[in-house]
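> take a look and give me a structure for this.
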Amino acid sequence: MPRSRTTGTSGRRRASVLDRALATSRTISVTGPMAPLDIEVIRTRLTRAWTPTSRLSLVPDPASASWAHDVATLPRVVERPDLADLPVGDLMTHLRNRPEPLPRLEVLVCGHWLVIDHTHGMGDGRLGIEQIAGVASRHEFPMAERFERSLPSDAAWQALRRHVLRHPRRLRDIVRLRAANAAPPVDAPRRTIDDWRSTRCAVTAAMRPGQTAELTRAIADTGVRMSSAAVTVALWRAALSAQGVVLDDRTQILFDCRRYLDAEHAEDHGNFAVGIPLRLPPDATPTEIGDRIRAVAESGWPAAILAAGELRMRLRPATPGEETAPTRVEVPDRLRLSVSDLGRIGIFGDLPWEPASASHHLFAYVEPDGPDAASMLVSEIDGSRSFTTTFCSDFVGRPVIEAALDHLCEDPVSLLDHLLTRS
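Below is the predicted model of the structure:
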């Protein structure tokens, strides 16, 4: 019998600062609708990939910089027909609010939905997407080979040296951008929220292929190039403002820092995406937002943040129990947005989609980082754009978020026209 199936723990791996920071967070993906899935095939494929050096077998520990691999405790794979008819957002909310401790990795088949719930410490969105392809593809997907690939322990330093330190001008760009996007003085009213984690919830919505195509044509008619991420941020901010939501001046955009590494590390796993809060005008257009996103990406600011975090951890290692989350917090009375746009997902072409379904979706729960935060994850599959927003319902009402998402998905062109006209 292979050693990976008989030993309790095997080897250790250095955890990055970002790995440790995300070790207690969860990522929940929901993909479908799918044709019936074979639970034993899923279990067999996961077990085969559960090796002593796989990202999947890691045991995240926020208090340690050295993580063990546990190959004896296999992932939980279950059928949950009782959850099959829940709205996807309610399904994710139910799973996230279960009592701790939760399994490091759990795969659930809920009717036509494939659900993967795992600790964020294992890796970022790339790991989730490849797990979906690995357990559900019609043909074998190289799961074991893929998940053996981990980012090198000095990845943050490599990114900083390669993209920033070799080009000193970028250091000046980073200083300028940090100053331009610094948090303004807080003069908003404040609110006190008790036990906000108990009111975390998720809401999902989908932009049908027809609406996506109309939006694409409207963007093309402007004659101005606009990135998918910039359009998403601009329209989401506009949709919330139309509901009377007071927004923070800054919106956090997620940047995948693999862009700063050599090409050989492009598919390595780990946590290597960092959020940068960008200060935006109230009615920022996709072009304005895109310019800011591009400037940040070109400067290497995200890589500098990762390297600075590693340096701080080496100079002052965290100790167990050093950070205890308070149950009562006081925050400004305005919503902080965080947006991660995965763009078009091309790796799902071999999934067994439900033939009768008109559209295909990947929704994903990403932890909000406070009661005043709303995290959005966006993906596009075969022309359908899927949106998941996670937030604290004690801070902003669920009907407000649902109405904003409906506006965004049903009539994105009107939101775009409104922004372009006002600009």
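> spit out the contact partners of V17.
By C-beta atoms under 8 Å, 6 or more residues apart in numbering, the contact list for V17 reads A156, L306, G309, E310, R312, M313. Bear in mind the C-beta positions are built from the backbone N, C-alpha and C, glycine included.
> which of those residues fall in helices?
Mapping the contacts of V17 onto helices (DSSP state H) picks out A156, L306, G309, E310, R312, M313.
> may I ask which of the residues you listed has the most neighbours?
A156 (27 neighbours; other C-beta atoms under 10 Å).
> so how far is A230 from that residue?
Going from A156 to A230 by C-beta to C-beta, to the nearest Å gives 26 Å.
> quick check: phi and psi at P87.
Main-chain dihedrals, P87, degrees, to the nearest 10: phi -50, psi 150.
> okay, and the beta partners of the nearest residue to it once chain neighbours are set aside?
Closest residue to P87 apart from its sequence neighbours, by C-beta to C-beta, 6 or more residues apart in numbering: T204 at 7.3 Å. Judged by DSSP bridges, the bridge partners of T204 are T388.
> how about R250?
R279.
> pretty sure it sits against G275.
No - with contact defined as C-beta atoms under 8 Å, R250 does not count as touching G275 (10.4 Å).
> quick revisit: return the residues in contact with the residue nearest to P87.
V30, P87, V88, G89, M92, F363, S386, F387, T388, T389, L405.
> what about the last one, how many residues nearby?
It refers to L405. 24.
> circling back: export the contacts of V17 as TSV, with columns for distance to D291 and pLDDT.
Shown next, in TSV, are those (distance: C-beta to C-beta, whole Å; pLDDT from 0 to 100):
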residue	distance to D291	pLDDT
A156	26	97
L306	23	96
G309	27	93
E310	29	93
R312	30	90
M313	33	86
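> in stretch 222-232, what counts as buried?
M226, S227, S228, A229, A230, V231, T232 (16 or more other C-beta atoms under 10 Å).
> all strands in the stretch 1-150 of the chain, in order from the N-terminus.
Counting by DSSP state E, counting those that start in this stretch, the stretch 1-150 of the chain has strands at residues 9-14, 26-32, 66-70, 76-79, 105-110, 113-119.
> what's next to the last one, contact-wise?
By C-beta under 8 Å, 6+ apart, the surrounding residues in contact with strand 113-119 are 22-34, 37, 60, 80, 83-84, 88, 91, 95, 102-109, 127-128, 131-132, 135-136.
> what angle sits between that strand and strand 105-110?
160 degrees (axes from the mean of the first three to the mean of the last three C-alpha atoms, to 10 degrees).
> tell me which of the strands of the stretch 1-150 of the chain is the most buried.
Mean neighbours per residue, mean count of other C-beta atoms under 10 Å, is largest over the strands of the stretch 1-150 of the chain for strand 26-32, with a mean of 25.
> same for it, what does it pack against?
Using 3 or more C-beta pairs under 8 Å, 6 or more residues apart in numbering; DSSP states H and E, the elements in contact with strand 26-32 are helix 88-96, strand 113-119, helix 125-136, strand 361-366.
> can you tell me which of those is nearest to R161?
Proximity to R161 (C-beta to C-beta) singles out helix 125-136 among the helices and strands packed on strand 26-32, at 22.5 Å.
> got the angle for the closest one vs strand 26-32?
50 degrees.
> tell me the mean pLDDT over helix 125-136?
Averaged across helix 125-136, pLDDT comes to 95.
> that helix - contacts with which helices or strands?
Looks like helix 125-136 contacts strand 26-32, helix 39-49, strand 113-119, helix 143-147, strand 335-344, strand 361-366 (3+ C-beta pairs under 8 Å, 6+ apart).
> between the ones you listed, which gets nearest to S393?
Going by C-beta to C-beta, the one of the helices and strands packed on helix 125-136 nearest S393 is strand 335-344, 12.4 Å.
> so what strands line up beside the closest one?
strand 247-256 (parallel), strand 373-381 (parallel).
> sorry, back to before: now render the helices and strands packed on strand 26-32 as CSV, adding distance to V329.
Output for the helices and strands packed on strand 26-32, formatted as CSV (distance: least, C-beta to C-beta, whole Å):
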stretch, distance to V329
helix 88-96, 19
strand 113-119, 23
helix 125-136, 27
strand 361-366, 20
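> quick one: closest of these to P281.
strand 361-366 (25.5 Å).
> tell me what that closest one is packed against?
strand 26-32, helix 88-96, helix 125-136, strand 200-207, strand 335-344, strand 373-381, strand 384-392.
> what about the third one, distance to the chain center?
Offset of helix 125-136 from its chain centre (C-alpha atoms, centre = their mean, to the nearest Å): 13 Å.
> what does that helix contact?
Applying C-beta under 8 Å, 6+ apart, the set of residues contacting helix 125-136 is 27, 29, 31, 34, 37, 41-42, 45-46, 49, 55-56, 107, 114, 116, 118, 141-143, 146-147, 256, 267, 269, 273, 340, 342, 345, 347-348, 350-352, 362, 364, 377.
> out of those residues, which end up buried?
Here, 16+ other C-beta under 10 Å leaves 27, 29, 31, 34, 37, 42, 45-46, 49, 55-56, 107, 114, 116, 118, 141, 143, 146-147, 256, 269, 273, 340, 342, 345, 348, 351, 362, 364, 377 buried among those.
> what number of residues lie near H139?
5.
> likewise for P189?
8.
> contacting residues around it?
P332, D333.
> which strands and helices sit next to the helix or strand hosting G210?
Using DSSP states H and E, G210 sits in helix 209-222. Where contact means 3+ C-beta pairs under 8 Å, 6+ apart, helix 209-222 is packed against strand 384-392, helix 412-422.
> deepest of the ones you listed, which one?
Scoring the helices and strands packed on helix 209-222 by mean count of other C-beta under 10 Å, the most buried comes out as strand 384-392, with a mean of 25.
> surely V400 and Q243 touch.
Yes - using C-beta under 8 Å, V400 is in contact with Q243, at 5.1 Å.
> remind me which residues of the protein are low pLDDT?
1-10, 318-325, 422-423 (pLDDT under 70).
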